[in-house]
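Participant: what follows is a predicted structure for the sequence shown.
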Amino acid sequence: MEQAIVQHRHRSSLRELRQQWQRYGRSNRYLHDLHGVALMPTPTPPDYFYRLSRWLLKELPITVKKILTHSIDRSTLLDTPLDLFCLHARAKGQQDATLPSQAAEIDWLAAASDPAALNAREGIPNGKEM
């Protein structure tokens, strides 16, 4: 069995991370506009309040205890705030995205509905359809 190697780079700043997640949101909007892919629900202030409250009152004490006992790495301390940061950036990208009008037009698909144009694209002389 072959072994796959996946390489990715971690963003070096919050600005780069935000830009990445905004691109994910824009892509989601484009896929929705072109192919009907479901959009991510837009988070509301109560959603953020609930997640931050849960993190502060439940997750944070548990995580701190695990960090102190060396059972997990301290980098996990900010998982929830970073998740919310990324969620907000993706929602913003999805909200602000506008698909260019030309994006829905794909030349070779338009030509497929016109046999003469399709034949020309394939280099087949007129009148000799396959």
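Facilitator: Cool, the structure landed. The model shown is predicted, which means the values in this text are computed figures rather than measured ones. Numbering: from 1, shown residues only.
Participant: use CA for all of it now, contacts and neighbours both
Facilitator: Will do.
Participant: tell me the secondary structure at residue 7.
Facilitator: With DSSP: H, G, I helix; E, B strand; the rest coil as the basis, residue 7 sits in coil.
Participant: could you chop this protein up by domain?
Facilitator: 14-99, 100-130 (automatic domain parsing).
Participant: want to throw those into TSV with mean neighbour count and mean pLDDT?
Facilitator: Listed next are those as TSV, based on neighbours: other Cα atoms under 10 Å; pLDDT from 0 to 100:
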stretch	mean neighbour count	mean pLDDT
domain 14-99	15	95
domain 100-130	11	64
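Participant: quick one: which of those is nearest residue 4?
Facilitator: domain 14-99 (24.0 Å; Cα to Cα).
Participant: residue 7 is nearest to which of the domains of the chain?
Facilitator: Closest among the domains of the chain, once you apply Cα to Cα, is domain 14-99, at 16.1 Å.
Participant: and the longest helix along the chain, how far out from the chain's middle?
Facilitator: Looking across the chain with DSSP state H, the single longest helix is helix 14-35. Per Cα atoms, centre = their mean, to the nearest Å, the displacement of helix 14-35 from the mean C-alpha position of its chain is 5 Å.
Participant: give the other helices and strands that the next helix-or-strand element following that helix contacts.
Facilitator: Remark: after helix 14-35, the chain's next helix or strand is helix 45-54, criterion DSSP states H and E. For helix 45-54, the packing partners by 3 or more Cα pairs under 8 Å, 6 or more residues apart in numbering; DSSP states H and E come out as helix 79-96.
Participant: quick one, the helix it packs on and helix 14-35 angle?
Facilitator: 50 degrees (axes from the mean of the first three to the mean of the last three Cα atoms, to 10 degrees).
Participant: got phi/psi on the closest residue to residue 67 other than its chain neighbours?
Facilitator: Distances taken as Cα to Cα, 6 or more residues apart in numbering place residue 74 nearest to residue 67, at 5.7 Å, with adjacent residues excluded. Main-chain dihedrals, residue 74, degrees, to the nearest 10: phi -70, psi -10.
Participant: export the longest helix of the chain as CSV, just CAs?
Facilitator: Extracted as CSV, the C-alpha positions of helix 14-35 are listed here (Å, rounded to 0.1, in the frame of the first residue of the first chain):
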residue,chain,number,x,y,z
LEU,A,14,-4.0,35.9,13.0
ARG,A,15,-4.3,38.1,9.9
GLU,A,16,-3.2,35.2,7.6
LEU,A,17,-5.5,32.8,9.5
ARG,A,18,-8.5,35.2,9.1
GLN,A,19,-7.7,35.7,5.4
GLN,A,20,-7.6,31.9,4.9
TRP,A,21,-11.0,31.4,6.6
GLN,A,22,-12.5,34.3,4.7
ARG,A,23,-11.5,32.5,1.5
TYR,A,24,-13.2,29.4,2.7
GLY,A,25,-16.3,31.4,3.2
ARG,A,26,-16.1,33.0,-0.2
SER,A,27,-15.6,29.6,-1.8
ASN,A,28,-18.7,28.3,0.1
ARG,A,29,-20.8,31.2,-1.3
TYR,A,30,-19.5,30.5,-4.8
LEU,A,31,-20.3,26.8,-4.6
HIS,A,32,-23.8,27.7,-3.3
ASP,A,33,-24.4,30.2,-6.2
LEU,A,34,-23.1,27.8,-8.9
HIS,A,35,-24.2,24.4,-7.6
